[in-house]
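Asker: Need a 3D model of the following:
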Amino acid sequence: MANDTDKYNIKTVARCFQILDFAAEQNGPISIQDVCTALDTNSNMAFRLLASLLNSGYLVKDPSTGLYSISLKTLKLSRSALQSQEIRKVTMPYLELLWNQYPKANVNMAVFHNGEVLMLDRIDTQSTPRTYFTPGRQLPFHCTALGKVLTSELPESEVDKLMAEKGLAKYTDETITTPEMFKEELAKVRKEGVARDRNEFIESDNCSAVPIRGKDGKIIAGISLSALVSNMNVDEIEATIPRLKETASRISYMMGYAASRVI
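Answerer: Now for the predicted structure:
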């Protein structure tokens, strides 16, 4: 059934955004034929849509190949979106305090949005080498601590859909790659209130994550501590969990979660 906004939908504009979404999901530039296939449209329409995005500055075209890529102009939108997140304003002082206590670790925050685990903030370790996460980066849901904690309370049907659409790619020998194991992992996260990644996404990297809850008690974000074993061993990462939970409790309280009274 159509919703109230459907009558105001401009199909051409919607298709331009579909192209941007499609281009963002690819590992490289896209062609007119790619757009034809993705949008189920003809080459003339695909060309006109791409030309509109090119003229607006949101796509660039390689004259030697004729292929299109997302331009740096989209970074302005990303920056504005990140800055508009209220939770970042509330969370950052607490993340700074956490980092001050564990300067050998990376302190991270992420949200689950439209089926994606998105990093919103990261404070890098004082130690080197640094890892390659940046705000706005997408994380795998099944083999990162933040991904696990953010999906731990989703309905089983949504978890099944997520696994079917995204798959359970193997990153290391420790990566969970079967639906049964992943569901068991989520049950463990719900029971213990903490998610763990022990060499599952990046070799020799360990991470623990806990949920931040909003007014209705639902998970609205996750925070984590991560470190390469050269900076902190597994036992040291495990020992940070109580402090991590306390920090999440404080943030949840500030976000209106009444059951969280630690301040």
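Asker: From now on I want contacts and neighbour counts done on CA atoms only, so please keep to that.
Answerer: Noted.
Asker: what pLDDT does N27 get?
Answerer: For N27, the model assigns a pLDDT of 82.
Asker: Which of the three states applies to it?
Answerer: N27 falls in the coil class when you classify it by DSSP: H, G, I helix; E, B strand; the rest coil.
Asker: which residue ranges form the strands in this structure?
Answerer: Ranges of strands in the chain, per DSSP state E, are 59-61, 68-70, 106-113, 116-123, 138-139, 195-198, 205-213, 219-228.
Asker: Mean neighbour count and distance to Q18 for the ones you listed - can I get that in CSV?
Answerer: Output for the strands of the chain, formatted as CSV (neighbours: other Cα atoms under 10 Å; distance: least, Cα to Cα, whole Å):
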stretch, mean neighbour count, distance to Q18
strand 59-61, 21, 13
strand 68-70, 21, 13
strand 106-113, 23, 17
strand 116-123, 22, 17
strand 138-139, 18, 19
strand 195-198, 24, 33
strand 205-213, 27, 31
strand 219-228, 26, 26
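Asker: For M45, find the nearest of the ones you listed.
Answerer: Minimum separation from M45 across the strands of the chain (Cα to Cα) falls at strand 68-70, 15.3 Å.
Asker: which outside residues touch that closest one?
Answerer: 20, 23-24, 28-31, 58-62 (Cα atoms under 8 Å, 6 or more residues apart in numbering).
Asker: Stretch 19-26 now?
Answerer: Residues contacting stretch 19-26 (Cα under 8 Å, 6+ apart): 29-30, 35, 38-39, 50, 69-70.
Asker: redo that, cut-off 7 Å
Answerer: Defining contact as Cα atoms under 7 Å, 6 or more residues apart in numbering, one finds that stretch 19-26 is touched by 30, 35, 69-70.
Asker: what's the most distant pair in those residues?
Answerer: Going by Cα to Cα, the pair spanning those furthest: V35 and I70, at 13.6 Å.
Asker: Neighbour-wise, give me the winner out of the contacts of strand 68-70.
Answerer: L59 (23 neighbours; other Cα atoms under 10 Å).
Asker: tell me the contacts of it?
Answerer: Here L59 is in contact with 53, 68-71 (Cα under 7 Å, 6+ apart).
Asker: that older thread, if we take the contacts of stretch 19-26, which one ends up nearest to V13?
Answerer: V35 (14.7 Å).
Asker: Okay, the closest residue to the closest one other than its chain neighbours and D124: tell me how far apart.
Answerer: Distances taken as Cα to Cα, 6 or more residues apart in numbering place A46 nearest to V35, at 6.1 Å, with adjacent residues excluded. Taking Cα to Cα, to the nearest Å as the measure, A46 falls 42 Å from D124.
Asker: can you check K170 too?
Answerer: K170 is 26 Å from D124, by Cα to Cα.
Asker: quick one, which of these two is more surrounded?
Answerer: A count of neighbours by other Cα under 10 Å puts D124 above the other of K170 and D124, at 22 against 14.
Asker: Excluding chain neighbours, give the residue nearest to that one in space.
Answerer: According to Cα to Cα, 6+ apart, the nearest residue to D124 is N106 (4.7 Å).
Asker: So, low pLDDT: which residues of the stretch 51-200 of the chain?
Answerer: For the stretch 51-200 of the chain, the stretches with pLDDT under 70 are 75-85, 128-135.
Asker: And the helices in it, which stretches?
Answerer: Taking DSSP state H, counting those that start in this stretch as the test, the helices found in the stretch 51-200 of the chain are 74-83, 86-101, 145-151, 156-166, 179-192.
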